[in-house]
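1. I would like to see how this sequence folds:
(3 chains)
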Amino acid sequence: MTAATLGALASHWMRNRVQFLTLVVGLALATALWSGVQAINAEARASYDAAAAALGEGRLDQLVPANGETMPQERFIALRRAGWLVSPVVEGRLRAGTSTLRLVGIEPLTVPVGAAASAALANTDLAGFLEADTLMAGPEAADVLRGALPNPVIVDASIASGTVIADIGVAQELLDRGGRISRLVVSPVQPLRQRPLAEVAPDVVLQRADGASDVGRLTDSFHLNLTAFGFLSFAVGIFIVHGAIGLAFEQRRGMVRTLRALGIPLDRLIVLMILELVVLALLAGGIGILLGYLVAAVLLPDVAATIRGLYGADVAGTLQIRPVWWLSGLAMAVGGALVAAASALWRLSRMPILASAGGRAWAVASGRGRSIQAAAALFLLAAAGGLAVMGAGLVAGFAILACLFLGGALALPLCLAVILKTGQDRSSGVLPQWFWADSRQQLPGLSLALMALLLAMAANVGVSTMVSSFRLTFTGFLDQRLSAELYVDAAGVDDRAALERFLDTRADEIQPILSVETELAGLPAELYGARIGRTYRENWRFLAAEADVWDRVADGEAVIVNEQLSRRAGLGLGDRLAAAPGLALPIAGIVGDYGNPIGQAIVSETLFRQAYPAVSAARFGLRTDNPEALRRALVDEFGLPSSSIIDQAAIKRFSLSVFERTFSVTEALNVLTLAVAAFSILMSLLTLAAMRLPQLAPVWAMGVTQRRLAGLEVLRTVLLALLTAVLAIPLGLLLAWVLLAVVNVEAFGWRLPMFLFPLEYGRLILLTLAAALLAASWPAWRLSRMAPASLLKVFAHER
Amino acid sequence: MLLEIDDITKSYPGPDGPVPVLRGVTLALGLGESLALTGESGSGKSTLLHLVAGLDGADSGRILLDGADVTALDDRGRAALRRTKVGIVFQQFNLIPSLDIAANIAFQARLGGAPDAERTAGLTKALGLEPHLRKYPEQLSGGQQQRVAIARTLAASPRLILADEPTGNLDEKTSDEVMDQFLALVAETGAALLMVTHSPRLAAKLGRHAHLSQGRLA
Amino acid sequence: MNARFRSLLLVLWLACGGTAFAQGFAGLGTDAEGFAMPQPGHVFSFPQDHGAHPDFRIEWWYVTANLSGPDGTPYGLQWTLFRSALKPGEAEGWESPQVWFGHAAVTSATVHKAAERFGRGGTGQAGVTAEPFEAWIDDWHMEGDLLGTARLSATGADFAYDVTMRAAGPLVFHGQDGYSVKSAAGQASHYYSQPFFEVEGTLTLPEGEIPVRGTAWLDREWSSQPLAETQSGWDWFSLSFADGDKLMGFRLRDAAGGDFTSATWIEADGTTTPYGDGALVATPLEESQVAGRAVPTRWRVILEDKGLDVTVAALNSQAWMGLTVPYWEGPVIVSGSHEGRGYLEMTGYEAP
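-> Coordinates of the predicted model:
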């Protein structure tokens, strides 16, 4: 009996090969979309981790002497014995023949993972490194060293040119700095207990890793963007699978009735149908995963390039088949298929054995179904609103996204019905009236496909808006924060006063960057001292500020805080902030500080130097008309290593190129999502085509040509797609708003301003219309070429 | 003559080559005349009706309607013919489910570009459809639906009315009621009526009678 | 990356001098040139021998403690300072060839936390002084009197402990007056213990501070000789029985077959009976999956001469020291002919 039943069930597919194909292709495409995004996501995550490990010690906090260039080695011992996991570094200029190299002495046993030297150390044997006074350098510097020094030299291409790495003992001797260290690198993991820094080593200052952390935050946001996209694509996929499965079940109601009448128990039938479904889903899921792999493989070089760009670190650009995404792809196919089949199976199980099999079109929702759907949509949208007002945390943020997404999808058929009814009421011609009325009639059959289209569109609008807003904001932020033409890293400079004197004569304006790690309003924060000149006045943009903000700050009467501090401490304009002991000033401005995890306050340089006389500027921003000349002067005349001079134009170029790559990946995924949505429309249209004939044939019989009817069919699909696309834009903007103003705030502590990109949305609508046009063309072409006999069958009286 | 059918043949493709359905049928019908076309199942009577309506093309022979050759018309011309000169009443009613009754009744007349509100109102009243104008086809009984189909056809004022088992889906009592109303209304308009039926009782109500057997008129 | 570097260091060191961790590294080089060799008949002199012996390759100060919380919940702690010499002798500053590293762990039936530290001799970051006695690496300490009162502390990212140990008995010497043979070929170490510490102090775990009491056992061992090339790892037991007697026993597993065992029976007053190869029989009864490998966590231990036939079961089978060199170390519960508690260390169980 089982074999015969299975044979009967399978025979349906043999007779309806196109339907079988659409089911398998639909499931496969949905899985492909999901697993493609997952593959890219997983690969990006893995690459981040690899790249993060390869990053230099710019990511690590450092302890530097509060005064002077070096500190006694005893600070290292005292801090270690007080529970601080720090590693000593001595750094200086090494004369080797006629050249000068930067010699960095490290302590290999304590140097934290992620420090700059660790990559080079990985290839070395410790005994040789420690015992034989070995030096490590890149190929060019190694040649110089071999000619000038007796020490053995190991060549390692990963070491920056002009830099030499040695054991700290060796370096101290070569630099003639016995018992002195330049700084201490702080391990990211610290023990549970340690004595306060001020008690153990009052003459050192904690310098938070910055610069690199901006990049870190940036990648976090990109990551979040991908996660959101994965989530949205999952929802799109579920809708498509639902459509395909629902159809397959409804069309076999007649067969089920017959089989039951022939004596096959209902439960056995349902088990067999589930079995059949699982086999189909696994087949289609497997194909989908392969497709997803191909998609990811095509897109991945861009992702790898993005990450390479972000970190400047080389990461593998090849795709690995990771169990996490192919398993989730199969789970998505099978799980989605079963969820989609649940309601159909339930209905089959409740269907009286003698019920008419063909009475109801498969997706025509009853009035009750429609009102349930409306109630669910309203509930979900209300829940999204409620969560936006009352919810807190990242989970609430994602819950809002989910509610909006589902609620929006469920509300779509109702919105479309209202619009079509309005169109019908307002049209006067007989064909237009019929067109509107008939479009309404088609709505239930197309609604799942249209929902998928809505979600694909909304996801596109939302993600594009988020990425574009991020880009605009970040570019503005870079303009503001990297306003000087050149930046000089003074960490390795022995005599900073001499550097400042040198710069005074060469640069148009010098901005010493003074900062100290402290607590503000009870929260960990940084205090900056700024020399307020035209640069700050011209370039900085505030989220909120009083009119004379810079004058008041320059006069030492006010303080500027970043958004993070303002939000977390609940401080607004005019509130007083204790910037330093005995120094409480009103807040005159709040600035956006994207990429900074902690709070920040800015006071005038004078106030800063009064409060922290021991801290000297670790970096200088330089304004000049001729950056190249100044750069050469610093290198040739002052002897700064060129790696300590940062060209801000290069940084900006670099940051923008990162966004361009992010864009190209996002865009490719956008096109892919739309393509899948278009396929689901095509599938629905093909399915409906047979059911459409009885509705079209009378109109044809009354004198409307097949060609005209086909034209109207295309127009109808394009109209529905257009309406859906237009409705998707507000939904997408809402999603973007949630991503920028809720999720981002919860995840990173700052809110991204939202910008609108009407041209971009217009382009997306055109793309959607083109997709709908393509999807509708084939069924319409078939209709226009149909033999009259096929239409006449509608009128045949089979009694 | 309004309608002249001249030696029409038609075959449809079958699994073992073409299957002849009409093997040379010749027939004429004048305005105000009514003709019942009877025959066995598969005798070709519906096919003949479809050819006259321009729903399908003949293999050979001519069909002249008001002196114009229907068989020579292209798709567009046949569609225009159906909009203006011919009205069809189907066995399955074939109403448009998305439109309400009022819109269904007015549909063909408006398609043909000659809506006549007075005439439509009169037909609606005569067929007892006034209470149902805002309803949709699925809410009506079979008899009511066929009355709507009749009203739709007559409202367009066609010169030739074609009916294919118009009461075949109705019970005998309803069938007689609808048929009487139908014939009376057709007679009022003065149009010609060509009706396919398998019922001798109904055929007897029409002025002329022709019998098709194996694609030929007996 | 850096971890790899450290592994290289450890490979180098272990190949030359490691005993406890030498599994899998044997054969990379077994000469012991330049280093002092353990000699039978060495006369211990204290407090000097509590301090470091830089002429030997390898040395450790190894404390394990079985503790109970206020509600009787059993805990265990480990504190180990290892010394490893790249070449014999000591020098000032960064020139010192001495490398130090520390392991610390806290274990309960459900939790096991471990941490490690690295440092170099010569700078003061890590070292051992004999008089007054102090062993330290960073902020981890053992200091005081090993026959009187000593303090012990360590902290990791998510745990810490601070305990006071009071010696309630004498030092104990293993093997032949502290000359402990490790293989049939004669590899050996100097080995003594202080197994009579009574302990009181505080454990700090993420859930809060827990006052604890119990007993601790200090092992001191130094050598320059590697294990025999075919020895693949060891299983080491320190057991304290309810009647006050104690047992130190180990089994060195040999890939060539024929395990090498050794044991010391310690009576409550410190009287010892050493046992050579074969007297102690330790048989795994049950294995647990730990860190992707099978590790025996229930044992049958027999020392026929003392009528000992006990089952030794791990308090927490997942007491895995997932450090640069990984191994299993945790508290055990003893039942059978004798009841008691103790510690078990197992090395050389490789993941497949």
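2. hang on, A:Ile532 in a helix?
-> No: assigned with DSSP: H, G, I helix; E, B strand; the rest coil, A:Ile532 falls outside any helix and is coil.
3. leaving out sequence neighbours, find the closest residue to it.
-> Nearest residue to A:Ile532, sequence neighbours excluded (C-beta to C-beta, 6 or more residues apart in numbering or on different chains): A:Ala554, at 4.2 Å. The C-beta positions use only the backbone N, C-alpha and C, and glycine is treated the same way.
4. do the same with B:Leu51
-> B:Ala58 is the one closest to B:Leu51 (C-beta to C-beta, 6+ apart), at 5.2 Å.
5. circling back: the residue nearest to A:Ile532 against A:Ser604, yeah?
-> Yes: taking C-beta atoms under 8 Å as the definition, A:Ala554 is a contact partner of A:Ser604 at 5.5 Å.
6. who touches both of these two?
-> A:Ile532 (C-beta atoms under 8 Å, 6 or more residues apart in numbering or on different chains).
7. contacts only, for the closest residue to chain C within chain B.
-> Nearest residue of chain B to chain C, counting by C-beta to the nearest C-beta: B:Ser98, 65.2 Å away. B:Ser98 makes contacts with A:Trp434, A:Ala437, A:Asp438, A:Arg440, A:Gln441, A:Gln695, as judged by C-beta under 8 Å, 6+ apart.
8. restrict the residues you listed to those near chain B?
-> For chain B, the contacts drawn from the contacts of B:Ser98 by C-beta under 8 Å from any C-beta of the partner chain are A:Trp434, A:Ala437, A:Asp438, A:Arg440, A:Gln441, A:Gln695.
9. narrow those residues to those in strands?
-> Assigned to strands by DSSP state E, none of those qualify.
10. can you tell me which two in those residues are farthest apart?
-> A:Arg440 and A:Gln695 (12.0 Å; C-beta to C-beta).
11. helix or strand with the lowest mean pLDDT in chain C?
-> helix C:2-17 (a mean of 39; mean pLDDT, DSSP states H and E).
12. does any bit of the helix or strand hosting A:Ile400 sit next to chain B?
-> Element membership for A:Ile400 (DSSP states H and E) is helix A:394-426. No: figure legend: helix A:394-426 not in contact with chain B (C-beta under 8 Å from any C-beta); closest approach 8.9 Å.
13. which residues does B:Arg78 contact?
-> B:Gly54, B:Leu55, B:Val70.
14. around chain A, which positions in chain B sit nearby?
-> So chain B meets chain A at B:12, B:46, B:50, B:53, B:55-57, B:75-76, B:79-84, B:88, B:90-92, B:94-99, B:103, B:106-108, B:110-112, B:164-165, B:168-169 (C-beta under 8 Å from any C-beta).
15. the residues you listed in helices, which ones?
-> B:46, B:50, B:53, B:75-76, B:79-84, B:103, B:106-108, B:110-111 (DSSP state H).
16. quick one, which of those residues are buried?
-> Among these, the ones that count as buried by 16 or more other C-beta atoms under 10 Å in any protein chain shown are B:46, B:50, B:53, B:79-84, B:103, B:106-108, B:110-111.
17. give the bridge partners for C:Arg166, please.
-> As for beta bridges, C:Arg166 partners with C:Thr149, C:Glu198 under DSSP bridges.
18. surely it touches C:Glu198?
-> Yes: using C-beta under 8 Å, C:Arg166 makes contact with C:Glu198 at a distance of 4.9 Å.
19. for chain C, what's its nearest residue on the stretch 451-600 of chain A.
-> A:Pro524 (18.5 Å).
20. state the mean pLDDT of stretch A:78-86.
-> The average pLDDT within stretch A:78-86 is 93.
21. contacts for it, please.
-> With C-beta under 8 Å, 6+ apart, stretch A:78-86 has contacts from A:63, A:76, A:110, A:112, A:184-187, A:189-191, A:193-195, A:197, A:199-201, C:119, C:124-125, C:136, C:138-139, C:155.
22. same deal with stretch A:266-284?
-> A:1-2, A:5-6, A:9-10, A:23-28, A:31, A:245, A:249, A:256, A:259-260, A:330, A:333-334, A:336-338, A:341, A:345, A:348-349.
23. which ones among those lie within helices?
-> Filtering these for helices - DSSP H - leaves A:2, A:5-6, A:9-10, A:23-28, A:31, A:245, A:249, A:256, A:259-260, A:330, A:333-334, A:336-338, A:341, A:345, A:348-349.
24. so who does the residue nearest to the spatial centre of chain B touch?
-> Centroid-nearest residue in chain B, with C-alpha atoms, centre = their mean: B:Leu162, separated by 2.1 Å. Contact analysis of B:Leu162 by C-beta under 8 Å, 6+ apart lists B:Leu49, B:Val52, B:Ala53, B:Val86, B:Gly87, B:Ile88, B:Val89, B:Leu194, B:Met195.
25. since that was my last question, I'll sign off now.
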